[in-house]
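1. no letters, just coordinates:
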């Protein structure tokens, strides 16, 4: 009996996958069939540089995007421009300079020049995968594949699992929250109090996790949300020191049988908190939680670029979503997704309001569609991709 | 027979003098001057070096300043006596003397309150230049003749009764006119026997002969006359004959704190020939200088501030005043501990970088060719060639109490620098230098030299192993 | 007749008994003294131990006394009032400079360190190093009106240029508290160097410079680096962390009012060089770091020592208003070194970088700029100039006096007595000896140099045992070691008498050994007078946190987490039992290096162990964690290999919480007879 049941389940599962794939395949041509719809916008909205003027075109774009910021005038930086590597993992804007984590060290863009820092300068490891800046002290915290760095006053200080209470040296994500530094590592989440110099570790031994693997975390309003592999989102209350976990209620892998019932999936890749909203990304879609209700978003029913989401960051009402097939931005109503063409340097911005989509060609576009990091500040958007870093300016 | 009667008469006269003096209490009181006197006419060039240590017929007398009548002879029953050295408490006096003309010069000690003398040393070789050590022992120069030092006045120390004799210098260099600095080290005039192996200089070392080092040098060919003195304000004063004209001698002052660069000639404007000095106070010295009339060395006042010679304190128509010393209690210098362990047969020498050369404060750098080896030289022999480490450092384990020199060689064996002046290591001594002929005012860089990460190289190199007691110093 | 007999018989009997027992008594007494002192040459002086080794009780109160120990000072703008921090008096003393007398005394926190005045001169801020706070003193009423919380061990302090913020340098927690004076709350805390102490805003009021005392953690043999932390006074962020190479103990900093130079007293130690001689500066050198205050300005180091004469433990520095002269207190030699700054300007201007690098190791260079050494009373520390720059006030730390020096004639014109005890107790004399370099050859360094604040310097030295390069050892703390013999890493010295005896002079001080009188005084101070600071950072009230409690359970466990019994020798508590957390035995913890002689290691006490990095006998472990994560692969140093990282963290947090047992008895007010409050 059990055998039969499992057989049925496999069949249902296979059918679901096929249906899902079919839907995706069927939807794709739709986009292709509608270029003429956007032609007028394409012709008039073919903006090269926001500073070039042509307010009429820009105004059209702004109108389409409603309250959402739209970025153009993309400029891409690669090793040819001075980046140590084209594989950019993280980007963070800090007081007039841009910090980029790459496969071969930390790159800093300041006064129009790139400066690289590696292990020779004190970096724990050249694989820099996460960067955050403490707004309190101005210290830069750098997560690498070989430990955590505090970069302060031009000097790197290394924390690792041997010389400190850090959980593990694989630091996927670092987040500064007041006096506290939080890290998501391969050995659990770590909390470092910069005043007491004390480390706390949260993993499967003392928190509702299945295994120690954590991918990312964020904090706000006295709570920390840990994106834990296979355990959804772990919420930690810094006051009560209590945990609460949010997992995918239906437990299914690729499909979300019951929409808006919680996180899309238990394998979460990032969390970000802004304007009272918690955004959660997975490899199977994105969720939005306002404290009461969850909303799920997929590439087939929203403007989301792809369900395979590497990272996301919320800035105020807008969330910036890094996927394997472009960058999406969303404020709960309007989506603006940026994608690069496969065969040239150009691309397009896809503005989605409900079911209505409009495409705006971009020339040039973001440098690559596989995106891992993003940061926005002062009307400038920086994107870390597999082919360098892209810088876009907000259209006004 | 007559001689014996003369001797007996001398003894009787001395006893009578003692009796008379003892009537007015202690014969030699604080504040009195002890004079070293020698008869006849002597030239300055005879006053320096070994020749200036032994004056036949010399005597030691005492005088109360301002009272010429108080002068009397302390060494009446000696054929010759000179080089007095007063103990730190002012109660005793060491001196070198011959009881009889045919005797060798030996070290004697006199109790100043009863002028009784006792012999301390009894060697077949001459001994001279005694000085009290802070630990109660004494140091003196003794003529030493052997294969290593050839024929040199080496320094020895012994107990007050002459026992426990220890040689403390081991190089072919004369060490004469030794005093003990307030820091506890010996300051002595070193006079290399082999002129191509260094210049005469003032050498400083610990009382056990360790850490021997240059204190200051003279001008070319100059040599010390008389004794060295350390003043309360940290100056070392002495008289020195200039190399050019041995009959001209000057009064020199150097600062203890920076002896290599504070040399002042206090009598450069004075024609009189200066033989010795005694600093009485910061602004009053006594000097022995040759009188224009008598032609003898007289004891006169000297003002170091204005550099002027004052009135005659004492003169004798038949005797030269070689030196004067004041009887007074001076503070005991520091009693330095000793790292020497006679059960150990070797000493360790570390050099940080043989290519670190003399860099004077002029900022002019003298950089020689890159040396990569050193040759350790003995007297009339070589102890071997040693490859130094990449950073130019080396560590040698040298057979103790053996004189040696070091010169640097390039990879082809050409001499780059050196040889340095004579060195020796006392048993269990450890010492270091930062370079080769480096500025002695340089301190070491705070680095871990490659040489100390390895075992030291044995010198002479043909010795593979020395079985000795292992010392744990830490 | 009978009366006569009544007296004669007992007296006679007494005499006979004395005659009979004198010899055996003397023999017993000699054996007793030899046993107690662990040396066979100490004279029969009962008072050495029975009077002067008493840490508490009536005898201790009788033989000891409480001193003020002036440490730092400030002067009012009109120059009439001098404010003196009394380190052991726990007070701020007000001196009327006209009358040259103490006019007021304000009780502040424990172990006050520094004082500064507000711009309007109405308020004084006093850092209380052992209370982790700042006393705000109203200078009109001479009362404490507020107490501001800081980080661990506040020392130097400064006010922001706009006067709105107070910066306190936290010497124990190695950071900088920035306190908003409008709210009296700490706004933020910036990480500083290791054991920071001095703080000063630069001449143009844009940057705060914070000096460090201890060097940054690095493996033995690496170039020493002492951090100068430069903070932007505008955005209160760290602008630069400058490494001052080969420097150590940068206590204070001063800027020329003309704004061209910054001067920092410092020590250049020779810990990487074998301790084979003192001659020619092979152990310690003392000097100043000079930083040109211009873009790409050079950082220069010059020694203030001379050949054959060293000026140990430079501490305070002030510069005259005309920017011509600097005065540096050399605490180890009781002297003020006077520097002609124009000569330094000329020297730097006319020298190449290569020459300047050479000068940093040259004993003769001081003759170019040092113009005088002014003698002072015992252990001169803090300095302050009168507003017109004509008078220099010197805190004679262990003399309980303030010296007044005429800066023109460079002569001492008078001293102001603070009213402490007239007598110098034996322990006080011992403290003076410990802080004075007179007992090392050519006064090259004092005990304090390697044991600053009677703790340890965090450096690792090559003690050059049987060969050079062997026996690399980390300096040990002197705090409250009276009850934790034996001493030295190999535990070969059973007593301080032995530790500081002849061998000590042969190997370390290389000058005349301490006299018995001095040795008694030194031992008395070390055995009774050196308390541990309270562990306010990790254990302020004796109540352990949950994490520390779990760590305590691991520390005291007898079975591992797999249920297996841990061999007794591998249990933490076996070698580290309370209250000092040492069994006073020697043992092998598996850390013997190839360069070590074959020895067992003395089990160190663990109270305030958080303050003693690096760890293990040769300092190979930079942190407590590294003892086990890197150097504890075998179980010889405790059974820890079954611990998870969380459990290891808990164990480490418990170790950090260990504090001096005196605090368990008395709270955070230390009760040493010769120290602390009455």
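-> Received it, and whenever you're ready, just let me know what you need. Source: prediction; values computed, not measured.
2. please make it C-alpha for all contacts and neighbour counts, starting now.
-> Fine.
3. next, count neighbours for the closest residue to residue C:343 other than its chain neighbours.
-> Closest residue to residue C:343 apart from its sequence neighbours, by CA to CA, 6 or more residues apart in numbering or on different chains: residue C:369 at 5.3 Å. Using other CA atoms under 10 Å in any protein chain shown, residue C:369 has 20 other residues around it.
4. next, residue A:212: secondary structure please.
-> Put simply, residue A:212 is coil when judged by DSSP: H, G, I helix; E, B strand; the rest coil.
5. how close does the spatially closest residue to residue C:401 that is not a sequence neighbour sit to chain B?
-> Nearest residue to residue C:401, sequence neighbours excluded (CA to CA, 6+ apart): residue C:417, at 4.6 Å. From residue C:417 across to chain B, the span is 29 Å (CA to the nearest CA, to the nearest Å).
6. count residues in the vicinity of residue C:417, would you?
-> 17.
7. for it, which residues are in contact?
-> Counting by CA atoms under 8 Å, 6 or more residues apart in numbering or on different chains, residue C:417 touches C:101, C:102, C:400, C:401, C:402.
8. as JSON lines, the residues you listed with secondary structure and pLDDT would be great.
-> Shown next, in JSON lines, are the contacts of residue C:417 (DSSP: H, G, I helix; E, B strand; the rest coil; pLDDT from 0 to 100):
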{"residue": "C:101", "secondary structure": "strand", "pLDDT": "96"}
{"residue": "C:102", "secondary structure": "strand", "pLDDT": "97"}
{"residue": "C:400", "secondary structure": "coil", "pLDDT": "97"}
{"residue": "C:401", "secondary structure": "strand", "pLDDT": "97"}
{"residue": "C:402", "secondary structure": "strand", "pLDDT": "98"}
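9. most widely separated two among those?
-> The widest separation within the contacts of residue C:417, taken as CA to CA, falls between C:101 and C:400 and amounts to 12.8 Å.
10. what touches both of the two?
-> Residues touching both residue C:101 and residue C:400 (CA under 8 Å, 6+ apart) are C:417, C:418.
11. more neighbours: which of these two?
-> Taking other CA under 10 Å, residue C:101 and residue C:400 do not tie; residue C:400 has more neighbours (24 against 16).
12. hang on, the more buried one packs against residue C:67?
-> Yes. Using CA atoms under 8 Å, residue C:400 is in contact with residue C:67, at 6.9 Å.
13. touching chain A at all, stretch C:295-310?
-> No. Stretch C:295-310 lies out of reach of chain A by CA under 8 Å from any CA of the partner chain, never closer than 15.5 Å.
14. okay, how far is it across stretch A:359-379, tip to tip?
-> Length of stretch A:359-379, first residue to last, CA to CA, to the nearest Å: 21 Å.
15. now do the buried residues in it.
-> Residues of stretch A:359-379 classed as buried: A:359-376 (neighbour count, 16 or more other CA atoms under 10 Å in any protein chain shown).
16. could you dump the contacts of residue C:417 to TSV with distance to residue B:142?
-> Formatted as TSV, these follow (distance: CA to CA, whole Å):
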residue	distance to residue B:142
C:101	63
C:102	64
C:400	53
C:401	53
C:402	54
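17. ok, which stretches of chain A are helices?
-> Listed in chain order, the helices of chain A (DSSP state H) span A:2-33, A:39-44, A:55-65.
18. burial measure for the nearest residue to residue B:413 once chain neighbours are set aside, as a count.
-> Ranked by CA to CA, 6+ apart and with sequence neighbours excluded, the top spatial neighbour of residue B:413 is residue B:373, at 7.9 Å. The local packing of residue B:373 (other CA under 10 Å) involves 25 other residues.
19. which residues does residue B:373 form beta bridges with?
-> Going by DSSP bridges, residue B:373 is paired in beta bridges with residue B:387, residue B:409.
20. okay, it and chain C: tell me how far apart.
-> Applying CA to the nearest CA to residue B:373 and chain C gives a distance of 20 Å.
21. next: residue B:283.
-> Separation of residue B:283 from chain C (CA to the nearest CA) stands at 20 Å.
22. touching, that residue and residue B:306? I think so.
-> No. Contact status for residue B:283 versus residue B:306: not in contact, 9.1 Å apart, counting by CA under 8 Å.
23. more neighbours: which of these two?
-> residue B:283 (12 against 9).
24. contact partners for whichever residue of the stretch 201-350 of chain A sits closest to chain B?
-> Using CA to the nearest CA, the closest approach of the stretch 201-350 of chain A to chain B is made by residue A:201 at 39.5 Å. The neighbours of residue A:201, taking CA under 8 Å, 6+ apart as the test, are A:165, A:166, A:167, A:188, A:189, A:190, A:191, C:646.
25. quick check: bridge partners of it?
-> Under the criterion used (DSSP bridges), residue A:201 bridges to residue A:190.
26. how close does the closest residue to residue A:131 other than its chain neighbours get to residue A:313?
-> In space, and not counting its chain neighbours, residue A:131 is closest to residue A:142: 4.6 Å by CA to CA, 6+ apart. As defined by CA to CA, residue A:142 lies at a distance of 17 Å from residue A:313.
27. the more surrounded of the two?
-> The neighbour count for residue A:142 versus residue A:313, taken as other CA under 10 Å, is higher for residue A:142 (31 against 24).
28. what is the burial count for the nearest residue to residue A:66 once chain neighbours are set aside?
-> Nearest residue to residue A:66, sequence neighbours excluded (CA to CA, 6+ apart): residue A:334, at 7.3 Å. For residue A:334, the count of nearby residues is 23 (other CA under 10 Å).
29. pLDDT score assigned to residue A:334?
-> Among the per-residue scores, residue A:334 shows a pLDDT of 94.
30. you'd agree it is up against residue A:64?
-> No. At 9.1 Å, residue A:334 does not count as touching residue A:64 under the criterion of CA under 8 Å.
31. what residues do the two have in common as contacts?
-> Between them, residue A:334 and residue A:64 share these contacting residues under CA under 8 Å, 6+ apart: residue A:351.
32. show me where pLDDT drops low in the stretch 301-450 of chain B?
-> B:358-369 (pLDDT under 70).
33. do that again at 80, thanks
-> Residue ranges of the stretch 301-450 of chain B with pLDDT under 80: B:357-369, B:437.
34. closest point of it to chain A, which residue?
-> Closest point on the stretch 301-450 of chain B to chain A, by CA to the nearest CA, is residue B:447, at 21.3 Å.
35. what's the burial count for residue 125?
-> No chain specified, so I'll use chain A. Residues near residue A:125, counting by other CA under 10 Å, number 25.
36. please refer instead to chain C.
-> For residue C:125, the neighbour count with other CA under 10 Å is 25.
37. over to it: give its phi and psi.
-> The phi/psi pair for residue C:125 (degrees, to the nearest 10) reads phi -110, psi 120.
38. any idea how far the residue lying closest to residue C:437 once chain neighbours are set aside is from residue C:330?
-> Leaving aside its sequence neighbours, residue C:437 sits nearest to residue C:446 (CA to CA, 6+ apart; 4.0 Å). Distance, residue C:446 to residue C:330, using CA to CA: 11 Å.
39. more neighbours: which of those two?
-> More crowded of residue C:446 and residue C:330, by other CA under 10 Å: residue C:330, with 29 against 25.
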